[in-house]
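Peer 1: My questions concern the predicted model and sequence given below.
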Amino acid sequence: MVHTARRSVADGLVVGTSGNVSVRVGGLILVTPSGVPYDRLRPGDAVGVDLEGHQVLGDLAPTSELPMHLTVYRTSRARAVVHTHAVHATAVSTLVDRLPPVHYMAASMGGQIRTAPYATYGTEELAENVRRALRDRTGCLLRNHGTLTYGDSLDQAYDRTAQLEWMCRLWLTASSVPGHSPTLLSAAQLDAAGRQLREYGQQGHGGQGQGQQGHGEPGHGQPG
């Protein structure tokens, strides 16, 4: 978890103490603490809570976004959650209710990515907005805020965050060309890509296909 948190800073997905990471271990949810810069974060700083949010491990206060993380664990098969303030994704969250389908990798997260309506950070209202935006998806944008993705592991959740940020950057770049609009994929095209992505990877050779809803995604690279 500490490695993933530091990686998000190194990759430019968070600044300072923004963003947070969590992972489920049995009935325990380990989360990053509130207000601790990631370059100072140590494994012993992890905070453990149960699914009701009662702190059972650690001396530091948990992330202020704990309600959002807990809601994801209660309503999905998530084993890990990554929340960032990635620049391009946050910019897109201010512009559209859904990320326009500019690339077939949206299918790897279940389809066109929704934007959860704005609510004050750390509130149950925001957690509920995120729950709705994640219906049949493994990632979403948070209006004027950032991103949230989940997966079977921290690596998978993080890779989905990186992929989402890349797609947002792609759409912003294509949309900035004067006199042109990006070509978008249809729902049928996304569905077809999703079916093919489920079979992508080293099937039967110790690897896994990508899947849409948390079934092993080989890095944040793209098939090709």
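Peer 2: Sure thing, it's come through.

Peer 1: What ranges does the protein have for its helices?
Peer 2: Under the criterion DSSP state H, the chain contains helices at 2-10, 66-75, 87-93, 124-133, 154-175, 187-197.

Peer 1: who does Leu142 bridge with?
Peer 2: For Leu142, the beta-bridge partners are Ala116, Gly146 (DSSP bridges).

Peer 1: For Val49, see how far away it is.
Peer 2: 21 Å (CB to CB, to the nearest Å). For the C-beta atoms, the positions are set from N, CA and C on the backbone; glycine is no exception.

Peer 1: still on that earlier bit, can I get the helices of the chain in a markdown table including mean pLDDT, distance to Gly26 and mean neighbour count?
Peer 2: As requested, the helices of the chain are exported to a markdown table (pLDDT from 0 to 100; distance: least, CB to CB, whole Å; neighbours: other CB atoms under 10 Å):
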| stretch | mean pLDDT | distance to Gly26 | mean neighbour count |
| --- | --- | --- | --- |
| helix 2-10 | 92 | 19 | 18 |
| helix 66-75 | 98 | 12 | 21 |
| helix 87-93 | 97 | 31 | 21 |
| helix 124-133 | 98 | 22 | 18 |
| helix 154-175 | 97 | 16 | 22 |
| helix 187-197 | 93 | 30 | 15 |
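
Peer 1: could I get these as CSV with distance to Asp59?
Peer 2: Listed next are the helices of the chain as CSV, based on distance: least, CB to CB, whole Å:
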stretch, distance to Asp59
helix 2-10, 16
helix 66-75, 16
helix 87-93, 32
helix 124-133, 25
helix 154-175, 23
helix 187-197, 43
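
Peer 1: just so I know, which of the ones you listed lies nearest Asp39?
Peer 2: Minimum separation from Asp39 across the helices of the chain (CB to CB) falls at helix 2-10, 6.9 Å.

Peer 1: quick one: contacts of the closest one?
Peer 2: With contact meaning CB atoms under 8 Å, 6 or more residues apart in numbering, helix 2-10 is reached by 14-15, 19-21, 32, 38-39, 41-43, 45-46, 82, 84, 154-155, 158, 161.

Peer 1: So Leu142 and Val49 - more neighbours on which side?
Peer 2: Applying other CB atoms under 10 Å to Leu142 and Val49 shows that Leu142 carries more neighbours, namely 26 against 20.

Peer 1: surely that one meets Val92?
Peer 2: No. Assessed by CB atoms under 8 Å, Leu142 is found out of contact with Val92, at 10.9 Å.

Peer 1: Give me the common contacts of these two.
Peer 2: Residues within reach of Leu142 and of Val92 at once, by CB under 8 Å, 6+ apart, are Thr115.

Peer 1: what's in contact with stretch 30-44?
Peer 2: The contact list for stretch 30-44, computed with CB under 8 Å, 6+ apart, reads 1-2, 5-6, 8-9, 14, 16-17, 20-24, 45-49, 57-58, 60-64, 66, 69.

Peer 1: And that stretch, end to end?
Peer 2: The first residue of stretch 30-44 is 11 Å away from its last residue (CA to CA, to the nearest Å).

Peer 1: how close does the residue nearest the centre of the chain sit to His69?
Peer 2: Nearest to the geometric centre of the chain sits Thr149, at 1.7 Å (CA atoms, centre = their mean). Here Thr149 is placed at a distance of 12 Å from His69 (CB to CB).

Peer 1: Can you check which residues contact both of those two?
Peer 2: Contact criterion CB under 8 Å, 6+ apart; residues shared by Thr149 and His69: Val81.

Peer 1: Quick check: Trp171 vs Arg135, distance?
Peer 2: From Trp171 across to Arg135, the span is 22 Å (CB to CB).

Peer 1: That'll do, ta.
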